[in-house]
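Visitor: could you work out the structure for the sequence below:
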Amino acid sequence: MSGGADVRVSEAVRTFAMPGGVPVEVLRGLTLHVAAGESVAVTGPSGSGKTTLLQLIGALDRPDSGEIRVNGRDLANLDERARCVFRNREVGFVFQSHHLLPQLTALENVLVPAWGADAAEERADRARALLERVDLADRCGHFPGQLSGGERQRVAVARALVMGPCLILADEPTGALDRRNAGELMDLLLELNREEHATLVVVTHDEACAQRLGRRVSIRDGRVMDGNEKGQDDERC
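Guide: Take a look at the predicted model:
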């Protein structure tokens with residue numbers, strides 16, 4: 001990884017059809033800049049467009065209009081193969097649910113994004129190093145059902161990092177964890193942000209966690225209401 005991702009969202013509009021065909025405009029000309037290497041909390045009420053924004057930045061969805069640029073590339077103009085390559089090589093996703101495959105060990109789950117990639121042994125070495133970094137070196141051969149909730153989420157973080165992404169997108173990563181495990185997970189994400197130089201964007205409803213990120217972006221009704229509030233890493237989460 002050569003550095004963090006510079007993310008620029010310009011006048012993004014995204015509309016979904018609800019039951020009965022009624023259109024709902026979730027993002028209404030949203031504009032946002034996240035500098036390379038920055039850590040940002042995205043907050044706002046349910047339904048404000050936070051997760052939709054994350055999906056656009058991660059090339060999981062396309063805007064109806066506007067631009068989503070990551071390191072200068074407009075993701076909306078990439079074909080499906082290029083978008084898939086972008087997601088796999090440049091983005092690490094962490095969700096509230098860990099989405100681990102129950103039939104695979106912790107090490108095998110971390111290596112899922114590397115299936116079919118070059119330098120298989122190098123990736124395996126990185127996967128082991130990441131599991132050691134998240135204090136799970138002795139759990140490499142354990143299956144998800146043999147791990148605690150906090151341990152499963154740390155495996156998911158290691159999986160998100162195995163390809164060396166320049167961008168980490170986390171959607172309510174602490175939502176299913178108790179306070180201690182949530183704090184440890186935020187410690188880990190912030191450490192990776194600093195040491196791996198990956199840009200970190202976290203959607204969260206947790207006030208304590210939001211304050212630990214470098215900046216907070218508040219979204220309401222599909223628009224950025226405040227994007228300059230500074231966070232404070234006070235370890236309350």
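Visitor: could you use CA atoms for every contact and neighbour count after this?
Guide: OK.
Visitor: could you pull out the helices for the protein?
Guide: 50-57, 80-90, 106-110, 120-133, 149-161, 179-196, 207-210 (DSSP state H).
Visitor: in CSV: those, plus mean pLDDT, mean neighbour count and distance to residue 172.
Guide: CSV is the format used below for the helices of the chain (pLDDT from 0 to 100; neighbours: other C-alpha atoms under 10 Å; distance: least, C-alpha to C-alpha, whole Å):
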stretch, mean pLDDT, mean neighbour count, distance to residue 172
helix 50-57, 95, 22, 9
helix 80-90, 92, 16, 19
helix 106-110, 95, 25, 20
helix 120-133, 87, 17, 21
helix 149-161, 90, 25, 11
helix 179-196, 87, 17, 10
helix 207-210, 90, 20, 10
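Visitor: which among the ones you listed is found nearest to residue 39?
Guide: helix 179-196 (7.0 Å; C-alpha to C-alpha).
Visitor: need the residues that contact that closest one.
Guide: The contact list for helix 179-196 (C-alpha atoms under 8 Å, 6 or more residues apart in numbering) reads 1, 3, 37-39, 134, 150, 153-154, 157, 174-175, 198-200, 209, 213, 235-237.
Visitor: quick one, which of the residues you listed are buried?
Guide: 37-39, 134, 150, 153-154, 157, 174, 198-200, 209, 213, 237 (16 or more other C-alpha atoms under 10 Å).
Visitor: ok so, going back, between the helices of the chain, which one is closest to residue 8.
Guide: Comparing the helices of the chain by their distance to residue 8 (C-alpha to C-alpha), the top pick is helix 50-57, with 8.8 Å.
Visitor: helices and strands around the closest one, which ones?
Guide: strand 23-34, strand 65-70, strand 167-171, strand 199-203 (3 or more C-alpha pairs under 8 Å, 6 or more residues apart in numbering; DSSP states H and E).
Visitor: can you redo the ones you listed as TSV with mean pLDDT and distance to residue 94?
Guide: Converted to TSV, those look like this (pLDDT from 0 to 100; distance: least, C-alpha to C-alpha, whole Å):
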stretch	mean pLDDT	distance to residue 94
strand 23-34	95	18
strand 65-70	96	18
strand 167-171	95	4
strand 199-203	96	9
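Visitor: save those strands as a markdown table, and put in distance to residue 103 too.
Guide: What follows is those, written out as a markdown table (distance: least, C-alpha to C-alpha, whole Å):
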| stretch | distance to residue 103 |
| --- | --- |
| strand 23-34 | 37 |
| strand 65-70 | 35 |
| strand 167-171 | 24 |
| strand 199-203 | 29 |
